[in-house]
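Asker: structure for the following, please:
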Amino acid sequence: MEKRYQVFVRSTYSDLQEERSKIIQTLVAMDCIPAGMELFPAADEEQWTFIKRIIDDCDYYIVIVGNRYGTLASDGLSYTEKEFDYALERNLKVLALIHEKPDTLPTDKSDIDSTARHRLQAFRERLRNKRIVKSWIKPDELPALVALSLQRTIKMSPAIGWIRASHEPREELLQQLNQLRQENKKLETKLAQLRSDPIPSIIDLAEMDDNIIVPGTYEYSYAGTNPQWGKWSVTLTWRQLFGLVSPFLMESLYEWGVEGKTAEVLFATTELAGKSPKIEPQTFQTIKLQLLALRLVTTRRAKALDSNYYSFWSLTPIGRQLMFEIRTVRKDPERDYKTPQPASESGEPPQQ
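Answerer: From the prediction side, this is the model:
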């Protein structure tokens, strides 16, 4: 009975789009079913649950590694490495495609931060030590590598695969559908519980006039030199931070838009000259959780114009009230607020 195998394709997103496209085309030509991050380019903890369900349905796993570690999850690992770990946990056969000369990749396709580069190197070593690894330099090399390696892997370690429903025994198919309905019901119940759970009350939560240090990076260059990345840091109170950011949240805003606006307004308070400011990812997550715990903002999942679901931020009623208290201009108590008198026909004010 003819089978088709579902293959999960993973990489960092913006820097390896051409490479993923070539691999997906190869998989389609091999009568495989590609699955991967084109379905969900954004990454967050809620979407991570959905990604795991997709991996559960896959037979093989391909990870492409260039010169970026990727977006970090709350545990400090990139989503790329978390998915790799989960694929191992599910006993999937993994094919790792690692760029042979990552330092030759351009700056916009490379990690600049030293911590990210260290994590990337450690991840590359993990892949080399434990998995089927192939090296590549140009995207055009990938189709042949995938075709040969995956065919060999399928032959040596055939997975369950998928077959047409018309080939399935009817009774077995009904049992599977019933099991899926039960699992779906459990997931819906769990999701409803998660949505109804209030934000927990935190003992000794930092107050609005307590300080926070926000570190970040920015791009700068001198005449005749290549762009470089520097570091910046701002110390301010939570009240000052919220006062700077809150006006952007009067309308719902994508989470990465909030992150970008926060970086811009904080970097503008420094005396540095540069562009493309960014906040250290874990600090931004701390800011997010703190504002949620203070009941100043709320987040929700919603469908955008591109039909994908993203996380949006908006102000709570408490947050709106505090924003107006911080940002509105008050009367000057020493100013005379008497109603002005109309001017005379000559244009001069009337004599008192």
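
Asker: contacts, neighbours, all on C-alpha from now
Answerer: Will do.

Asker: what's the following helix or strand after the worst-scoring helix or strand of the chain on mean pLDDT?
Answerer: Ranked by mean pLDDT, DSSP states H and E, the weakest helix or strand in the chain is helix 170-196, scoring a mean of 70. Next helix or strand after helix 170-196 toward the C-terminus (DSSP states H and E): strand 211-220.

Asker: what helices and strands are in contact with that following strand?
Answerer: strand 228-237, strand 275-279 (3 or more Cα pairs under 8 Å, 6 or more residues apart in numbering; DSSP states H and E).

Asker: looking at those, which is buried most?
Answerer: Most buried of the helices and strands packed on strand 211-220, by mean neighbour count (mean count of other Cα atoms under 10 Å): strand 275-279, with a mean of 19.

Asker: now it and strand 228-237, what's the angle there?
Answerer: Using axes from the mean of the first three to the mean of the last three Cα atoms, to 10 degrees, the direction of strand 275-279 lies 50 degrees away from that of strand 228-237.

Asker: residues contacting strand 275-279, please?
Answerer: Applying Cα atoms under 8 Å, 6 or more residues apart in numbering, the external contacts of strand 275-279 come out as 214-220, 259-260, 262-264, 267.

Asker: how about the helices and strands packed on strand 211-220 in JSON lines, adding distance to residue 127?
Answerer: Shown next, in JSON lines, are those (distance: least, Cα to Cα, whole Å):
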{"stretch": "strand 228-237", "distance to residue 127": "29"}
{"stretch": "strand 275-279", "distance to residue 127": "29"}
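
Asker: quick one: closest of the ones you listed to residue 17.
Answerer: strand 275-279 (22.0 Å; Cα to Cα).

Asker: tilt between the next helix or strand after the closest one and strand 275-279?
Answerer: Using DSSP H and E, the helix or strand that directly follows strand 275-279 along the chain is helix 281-293. Using the same axes, to 10 degrees, the inter-axis angle of helix 281-293 relative to strand 275-279 is 60 degrees.

Asker: low-confidence ranges in the chain?
Answerer: The chain contains residues with pLDDT under 70 at 1, 37-46, 130-131, 164-174, 190-200, 304-307, 336-352.

Asker: hang on, the earlier thing: nearest to residue 81, of the helices and strands packed on strand 211-220?
Answerer: Of all the helices and strands packed on strand 211-220, strand 275-279 sits nearest to residue 81, with 21.7 Å by Cα to Cα.

Asker: what separates residue 254 from residue 278, distance-wise?
Answerer: As judged by Cα to Cα, to the nearest Å, residue 254 and residue 278 stand 16 Å apart.

Asker: ditto for residue 240
Answerer: Distance of residue 240 to residue 278, given as Cα to Cα: 19 Å.

Asker: also residue 61?
Answerer: With Cα to Cα as the criterion, residue 61 and residue 278 are 32 Å apart.

Asker: swap in residue 229?
Answerer: Separation of residue 229 from residue 278 (Cα to Cα): 10 Å.

Asker: what does the strand or helix carrying residue 256 contact?
Answerer: Assigned by DSSP H and E, residue 256 belongs to helix 255-267. Defining contact as Cα under 8 Å, 6+ apart, one finds that helix 255-267 is touched by 216, 232, 234, 244-245, 248-249, 277-279, 284, 310-313.

Asker: using PDB, write out every CA atom in it.
Answerer: Only the C-alpha atoms of helix 255-267 are listed here, as PDB (Å, rounded to 0.1, in the frame of the first residue of the first chain):
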ATOM      1  CA  GLU A 255       3.800  42.100  20.100                       C
ATOM      2  CA  TRP A 256       6.900  42.700  17.900                       C
ATOM      3  CA  GLY A 257       5.600  46.200  17.200                       C
ATOM      4  CA  VAL A 258       5.400  46.800  21.000                       C
ATOM      5  CA  GLU A 259       9.000  45.500  21.300                       C
ATOM      6  CA  GLY A 260      10.200  47.800  18.500                       C
ATOM      7  CA  LYS A 261       8.400  50.900  19.800                       C
ATOM      8  CA  THR A 262       9.800  50.300  23.300                       C
ATOM      9  CA  ALA A 263      13.300  50.000  22.000                       C
ATOM     10  CA  GLU A 264      12.900  53.200  19.900                       C
ATOM     11  CA  VAL A 265      11.600  55.400  22.700                       C
ATOM     12  CA  LEU A 266      14.100  54.100  25.200                       C
ATOM     13  CA  PHE A 267      17.100  54.400  22.800                       C
END
